[in-house]
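A.B. asks: Please work out how this folds:
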Amino acid sequence: MGASPWIVSDALWERIEPLLPRKGRRFRHPGRRPLPDRQVLCGILFVLHTGIQWEYLPKELGFGSDMTCWRRLREWNEAGVWQQLHGVLLAEFNAAARLDMESLIPSVLEQRITTGSAHYAWRRLLTAYGEEPPGPAPEGMRVPPSAAQWRMVPSWEWHRAGVDRSRAAAVLRACSYAPRLEEAAAMALPEATARLQLIPGIGPWTAAETLQRVLGAPDALTLGDLHLPVQVGYALTGTRGGTDEQMVELLAPYAGQRHRAARLILLGGRLPNRRAHRAPHSRIAHL
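C.D. replies: The predicted structure follows:
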């Protein structure tokens, strides 16, 4: 069994600790020594991961009280700790100059089909061709194949997974040029987007989805999506039937942060009522 997701590893703590603000103790009447930041961070992650209310944080865990964790989180938010951490991690990723193919391939599989069908295809292919991870890991977990291994997947396995010929071909073309695509991780957003779209079968939608996941690109707005412009348009204007052009115009005040703005809108709850889903799941294996 792996460590609980709220336990801060040594590697992560080495990155976070230098970013945390320091508060000196008073010389007179110093009071009780504050709980170490690492324990408090574990408590914060426990609340965020489990979704419980702050007052229900179990003291038996040794992560401090609910108010201790809440106040420390407020202090770190005000100090910009998470933005600094994002910059540190992104700099490390860019230094490696690698764009993760395991984010590009699922984005290709999600083209023009339901989310359930895309997840089915990814799960089936990953189970069949992925490798067991080294060390302790949850049962059934798999490490995605390398680009070379993806190219060895036979055509009938793509078909059995419900992946049509055009999407399978796009994945194989991307894997053929994987080293060149991985260089996009060190590029600015316009250049990275253009590099990905050089591969036939990878358009603006797939490029944006990939760069959002890999680089956390805050301005990589998804264009060509069936639902996003409708949801953004309804949230900001109260009318249905939004288009990509209208969405871009509405989000113009948030230039540089348009993807994040769209995500906040989706999380805000003011969305049109969902109509009954009529598109069947893509199951072409029997054909």
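A.B. asks: what's the offset of the helix or strand harbouring Cys175 from the middle of its chain?
C.D. replies: Using DSSP states H and E, Cys175 maps to helix 165-176. Mean C-alpha position of helix 165-176 versus that of the full chain (C-alpha atoms, centre = their mean, to the nearest Å) differs by 22 Å.
A.B. asks: buried ones in the following helix or strand past it?
C.D. replies: The first helix or strand that comes after helix 165-176 along the chain, using DSSP H and E, is helix 178-182. Buried residues in helix 178-182, counted by 16 or more other C-beta atoms under 10 Å: Ala178, Leu181, Glu182. In short, each C-beta sits where N, CA and C put it, glycine included.
A.B. asks: could I get these as a markdown table with distance to Glu245?
C.D. replies: Output for these, formatted as a markdown table (distance: C-beta to C-beta, whole Å):
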| residue | distance to Glu245 |
| --- | --- |
| Ala178 | 34 |
| Leu181 | 29 |
| Glu182 | 32 |
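A.B. asks: what comes up buried for the helix holding Cys175?
C.D. replies: Using 16+ other C-beta under 10 Å as the test for burial, helix 165-176 gives Arg167, Ala168, Ala169, Ala170, Val171, Leu172, Arg173, Ala174, Cys175.
A.B. asks: residues touching the third one, list them.
C.D. replies: Taking C-beta atoms under 8 Å, 6 or more residues apart in numbering, we find Ala169 in contact with Pro200, Gly201.
A.B. asks: What pLDDT is listed against it?
C.D. replies: We have a pLDDT of 96 for Ala169.
A.B. asks: Ile105 versus that one, what's the distance?
C.D. replies: Distance, Ala169 to Ile105, by C-beta to C-beta, to the nearest Å: 13 Å.
A.B. asks: and if you look at the last one?
C.D. replies: Computed as C-beta to C-beta, the Cys175 to Ile105 distance reads 8 Å.
A.B. asks: Give the helix, strand or coil label for the most centrally placed residue in the chain.
C.D. replies: With distances taken as C-alpha atoms, centre = their mean, the residue of the chain nearest its centroid is Arg213 (4.3 Å). Following DSSP: H, G, I helix; E, B strand; the rest coil, Arg213 is assigned to helix.
A.B. asks: from what I can see it touches Ser103, true?
C.D. replies: Yes - in this structure Arg213 lies within contact range of Ser103 using C-beta atoms under 8 Å: 4.3 Å.
A.B. asks: Start from the N-terminal end of the stretch 1-150 of the chain and give the helices.
C.D. replies: 10-16, 37-50, 66-78, 81-96, 101-109, 115-129, 147-150 (DSSP state H, counting those that start in this stretch).
A.B. asks: Neighbours of the residue lying closest to Glu17 once chain neighbours are set aside, how many?
C.D. replies: Leaving out its chain neighbours, the residue that sits closest to Glu17 by C-beta to C-beta, 6 or more residues apart in numbering is Asp37, at 7.1 Å. By other C-beta atoms under 10 Å, 17 other residues sit near Asp37.
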